[in-house]
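Visitor: predicted model, plus sequence, below.
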Amino acid sequence: MENFDSVSHFFTNPNQISQSSASAQGFGPVSATQYRISTVFTATNTAKAYAICKGVVLIQSNSNSPNKVNLILKPYKQPISGVNIKYFIYRGLQKSDFFTGNLVNENDTGSSDFIDKIRTDFSEFHATEPNPNPPFLAKYIGFDTTFPGERLIDDFFFKQSQYVESNGEFIEDDEGFGAFELPIINQGASLGYFTPGDCAVDVVLDYGDYKPLGEVGEFKFDLAYARANVAVIELPGTSTYTDKVVKEQIFQFLDVAAYFGSHAPNGKVIIDNNGTKQNLTGADIYTNVLNNFITKNNLYLYIQSDRTRSYNFYNNYNIGQTTNSLKYGLTASSLTDRSYSTQGWPIIIESPSSASIFLQFITDNNVNTVLYGQKGTVVNAAKNNFSNADDLLLPPDENGNLSVLTKVLELTNPVSATNAPIISTFNIIIYQGIAYSYVADETVDENNNPVTVYAQPNFFDDVFDLINAEPIFQSDGTDYSVINSKKLKLINEYYNNKQQGISAVQTLVVKDSIATGDEASPYLKRVAYITETVEMLNNPISLSVKVASNINSTTATNKHTNPQSNYIFQSPYYTSVQLFTDNSVIVGLQLNIIDEGTPSKIALGITQAENIPLKAIINTLNLQNPKLFLQDLHKLKKDFISPEGIKFRKYKLVIVGDNINSVGKIYFPDNDIYIYSLDRRFYFSAAYSQYVTVDEYDFNKLILSVE
């Protein structure tokens, strides 16, 4: 991720809160069927709340009491490196600090920084009007208890005004969504007081801003969740598969103690001590911030694996016939078998007595074995917290037998003092070590016995998701939008018997239009799936190849422009065109960078008409975790050669996904969608590229030129 020093303001005075019981207040498993995603604490009557970071504020009612409110803070700027935060949710603030009846409080000597700011903004907005200021209604900042619980939180943060005609003028529609503006507050600003007694804070990771996909395991960030006194994930119990998928939701939530403890290595936590701001670092964060948390020594180890599911989700990393799936210990010589779970939930929660823990993962010794420490320090990783197969796999024993385990990996975190337990934190590891296949077909042999045909993924299959995602913005009638999938995936580019590089990526789904020159259909709607590299490891085999990396932890959000907009590759990237023949003339696209190195992006472009049947498969079969898959049409997975002597690859584009009846199966659209590539960077259908012309660019302003 983008590297910067983490800086957060603690959400209250640390001395004004306490925790008495892990089972009643602690973050994490409550039982085998319940997982608390709120960190609960007991607040005194002087526990003032502060903004953890600069952000946009939404206030909602609290389902437990009419005298409480909950406050959702959406970061304006990310406060922490390594992950993106979607929301901080403060549960149980005093309503009287914000509202009197249906009005926003007046600012006076006892009001919070929040009230002072929004009251000042309100007065300045009306300063030029001859009449006195109108009443400042609570609904003007989004507080309206009549909104149904099913409404999404993001509907408020990404609200677009709708207008209706009134007396010949267009005014904002107050009868529809409602006229309001969410305020922005600075880091460290006082918000109000927590209600004495049990209150809570949620820390939610950001996977992207888009409308709900409708998947079984998708967490609903709606007003019902926003208004809860305490939030708990509860398994539905309808099926083993459904429960397993719902358990994956815990990856998106952090213990607030671990969040602030994660600042100890190189960050800073600011506290307010009776109006005086103090900057705390290192062990002082433990002593002065975390000391009243029961979980102050907890390590939360999240391990992501195949298809962005948790480690061993598909039961393919088991040790023998057991449910154990890795080795764990506090020294390299004392590892024992254990499952990747705590009370049945896909997470390891421990309180190590020293700075390091040691791990060994299961592997089948395939060349695509890879590990990346997204959040945390892997001491003996090869480079940049990455390890590839050359680094991870053990040599054969004296009899030539390969180990089913990787090398021992050391993961280290700060401790509160020498020979003392760790400071509460969270680590996120991404590991893939077993080559897996998908069911591609069911047929029979010569004896009429059933035979299952399998297909193995290419190096970037299972990377592109959000196939049926829609922008969170209300449609304004245009065709251009960009959706960001922020959950990291790994691309291990091993082909032609060489390691071409490993990268951790986010992905974009770009919907655009391109001019056709046809008056009857002037624009062709298209969809492009594009990777955005976050971090990269280059293998020494390919050190002679330059790789352009675009490290960005806050890439594009949804947006709309005019209907003829096409996606623009930003400098240093540009495309070139190479015509070739495959029964008909194809406009071939290549992705380049200006220094003639190897681009770090991968793009896959199809038309909207080609995307629609893929979405239909997902919706009809209720597929979970669907992703794009390229089925290589060359039997030996080699290049085709056109009559002009141009080498190209050709694939069928299909969907791979899970549902309650099958795991990891390929699904084909009724009509084949053929995909080409000339460079293994830009993949495209003939329809997607047909109206692209030869690029016109210079080194100051690179653009994708489209007629």
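Guide: Here it is on my side, so go on. Numbers count the residues shown, from 1 in each chain.
Visitor: what number of residues are in the vicinity of residue 241?
Guide: Neighbour count of residue 241, defined by other C-beta atoms under 10 Å: 17. Glycine gets a C-beta too; all of them are placed from N, C-alpha and C.
Visitor: grab the nearest non-local neighbour of it.
Guide: Nearest residue to residue 241 in three dimensions, chain neighbours excluded: residue 660, at 4.8 Å (C-beta to C-beta, 6 or more residues apart in numbering).
Visitor: quick one: that neighbour from residue 33, how far?
Guide: Per C-beta to C-beta, to the nearest Å, residue 660 is found 19 Å from residue 33.
Visitor: these two: who's more crowded?
Guide: Taking other C-beta under 10 Å, residue 660 and residue 33 do not tie; residue 33 has more neighbours (18 against 14).
Visitor: that one against residue 234, yeah?
Guide: Yes. Here residue 33 reaches residue 234: they are 6.3 Å apart, a contact under C-beta atoms under 8 Å.
Visitor: burial count for the nearest residue to residue 283 once chain neighbours are set aside?
Guide: Counting by C-beta to C-beta, 6+ apart, residue 416 is the residue found nearest to residue 283 once chain neighbours are left out, at 5.4 Å. When neighbours are counted by other C-beta under 10 Å, residue 416 registers 21.
Visitor: residue 416 and residue 371, how far apart?
Guide: Distance from residue 416 to residue 371, by C-beta to C-beta: 28 Å.
Visitor: got it, and residue 213?
Guide: Counting by C-beta to C-beta - residue 213 and residue 371 are separated by 28 Å.
Visitor: who's more crowded, those two?
Guide: Using other C-beta under 10 Å as the criterion, residue 213 and residue 371 rank with residue 371 on top: 27 against 18.
Visitor: strand partners of the helix or strand where the more buried one lies, parallel vs antiparallel please.
Guide: Here residue 371 is covered by strand 370-375, with elements defined by DSSP states H and E. Using DSSP bridges, the strands paired with strand 370-375 are strand 386-387 (antiparallel), strand 425-432 (antiparallel).
Visitor: tell me how far the shortest one lies from the chain's centre.
Guide: Once both centres are worked out by C-alpha atoms, centre = their mean, to the nearest Å, strand 386-387 turns out to sit 20 Å from its chain's centre.
Visitor: can you offset everything so residue one is 16?
Guide: Happy to do that; since the first residue is 16 now, the last one works out to strand 401-402.
Visitor: what's downstream of that strand, the next helix or strand?
Guide: helix 404-407.
Visitor: C-alpha coordinates for whichever helix or strand comes after that next one, PDB please?
Guide: Note on helix 404-407: by DSSP H and E, the next helix or strand toward the C-terminus is strand 424-427. This file holds the C-alpha atoms of strand 424-427, laid out as PDB (Å, rounded to 0.1, in the frame of the first residue of the first chain):
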ATOM      1  CA  LEU A 424       8.200 -17.600   8.400                       C
ATOM      2  CA  GLU A 425       8.800 -15.100  11.100                       C
ATOM      3  CA  LEU A 426       6.200 -12.400  11.700                       C
ATOM      4  CA  THR A 427       7.100  -9.700  14.200                       C
END
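Visitor: quick one, strands of the stretch 416-565 of the chain?
Guide: 424-427, 440-447, 453-459, 465-470, 496-510, 513-530, 538-552, 562-563 (DSSP state E, counting those that start in this stretch).
Visitor: can you tell me the element residue 240 falls in?
Guide: With DSSP H and E as the test, residue 240 turns up in helix 238-242.
Visitor: how about the helices in this protein?
Guide: 37-40, 128-140, 169-172, 238-242, 255-262, 271-276, 298-300, 404-407, 623-636, 701-704 (DSSP state H).
Visitor: which residues of the stretch 416-565 of the chain score low on pLDDT?
Guide: Scanning the stretch 416-565 of the chain for pLDDT under 70 picks out the ranges 474, 489-493, 509-514, 553-565.
Visitor: repeat that for 80
Guide: 457, 459, 471-476, 488-494, 508-516, 553-565 (pLDDT under 80).
Visitor: buried ones in stretch 42-54?
Guide: Within stretch 42-54, the residues that count as buried by 16 or more other C-beta atoms under 10 Å are 42-45, 48, 50-54.
Visitor: ok so, going back, quick one, what contacts the residue nearest to residue 298?
Guide: 298, 301-302, 312, 437-438 (C-beta atoms under 8 Å, 6 or more residues apart in numbering).
Visitor: now the residues you listed as a markdown table including distance to residue 327?
Guide: Converted to a markdown table, the contacts of residue 431 look like this (distance: C-beta to C-beta, whole Å):
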| residue | distance to residue 327 |
| --- | --- |
| 298 | 35 |
| 301 | 32 |
| 302 | 37 |
| 312 | 26 |
| 437 | 24 |
| 438 | 28 |
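Visitor: in ChimeraX, how would I select the buried members of those?
Guide: Here is the ChimeraX command that selects the buried residues among the contacts of residue 431 (16+ other C-beta under 10 Å):
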select :301,312,437,438
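Visitor: ok, of the contacts of residue 431, which one's closest to residue 284?
Guide: residue 301 (10.1 Å; C-beta to C-beta).
Visitor: shouldn't that closest one be in contact with residue 438?
Guide: Yes. Judged on C-beta under 8 Å, residue 301 makes contact with residue 438 at a distance of 4.5 Å.
Visitor: joint contacts of the two?
Guide: By C-beta under 8 Å, 6+ apart, the residues touching both residue 301 and residue 438 are 276, 279, 311, 431.
Visitor: in space, what's closest to the first one - neighbours in sequence excluded?
Guide: Distances taken as C-beta to C-beta, 6+ apart put residue 439 closest to residue 276, at 3.8 Å, once the chain neighbours are dropped.
Visitor: tell me the spacing between the one you found and residue 311.
Guide: For residue 439, the distance to residue 311 - C-beta to C-beta - is 5 Å.
Visitor: rewinding a little: between the shared contacts of residue 301 and residue 438, which sits nearest residue 542?
Guide: residue 276 (41.4 Å).
Visitor: give me the number of residues near that closest one?
Guide: 31.
Visitor: for stretch 133-153, measure first residue to last.
Guide: 11 Å (C-alpha to C-alpha, to the nearest Å).
Visitor: what's in contact with it?
Guide: Contacts for stretch 133-153 (C-beta under 8 Å, 6+ apart): 74, 113-114, 117-122, 126, 155-156, 159, 198.
Visitor: how far away from the center of its chain is it?
Guide: For stretch 133-153, the distance to the chain centre is 39 Å (C-alpha atoms, centre = their mean).
Visitor: now stretch 234-241
Guide: Distance, centroid of stretch 234-241 to centroid of chain: 17 Å (C-alpha atoms, centre = their mean).
Visitor: and for stretch 402-412?
Guide: 29 Å.
Visitor: what's it in contact with?
Guide: 376, 378, 380-387, 393, 396-397, 417-418, 420-422, 424, 448, 507, 514, 517, 552, 554.
Visitor: hmm, 10 Å instead?
Guide: Contacts to stretch 402-412, defined as C-beta atoms under 10 Å, 6 or more residues apart in numbering, come from residues 375-376, 378-388, 393, 395-398, 417-424, 446, 448, 507, 509, 514, 516-517, 552-556.
Visitor: buried stuff in it?
Guide: 402-404, 406-408.
Visitor: same check on stretch 63-81?
Guide: 63-79.
Visitor: first vs last residue of that stretch, how far apart are they?
Guide: End-to-end for stretch 63-81, by C-alpha to C-alpha: 19 Å.
Visitor: shared neighbours of residue 439 and residue 311, anything?
Guide: Counting by C-beta under 10 Å, 6+ apart, the residues touching both residue 439 and residue 311 are 272-273, 275-276, 301, 304-305, 366, 431.
Visitor: assess the claim that residue 225 and residue 485 are in contact.
Guide: Yes. Judged on C-beta atoms under 10 Å, residue 225 makes contact with residue 485 at a distance of 6.4 Å.
Visitor: which one of these two is surrounded by more residues?
Guide: Using other C-beta under 10 Å as the criterion, residue 225 and residue 485 rank with residue 225 on top: 22 against 16.
Visitor: which residues touch that one?
Guide: Neighbours of residue 225 in contact, by C-beta under 10 Å, 6+ apart: 169, 173, 481, 483-488, 496, 498-500, 524, 572-573.
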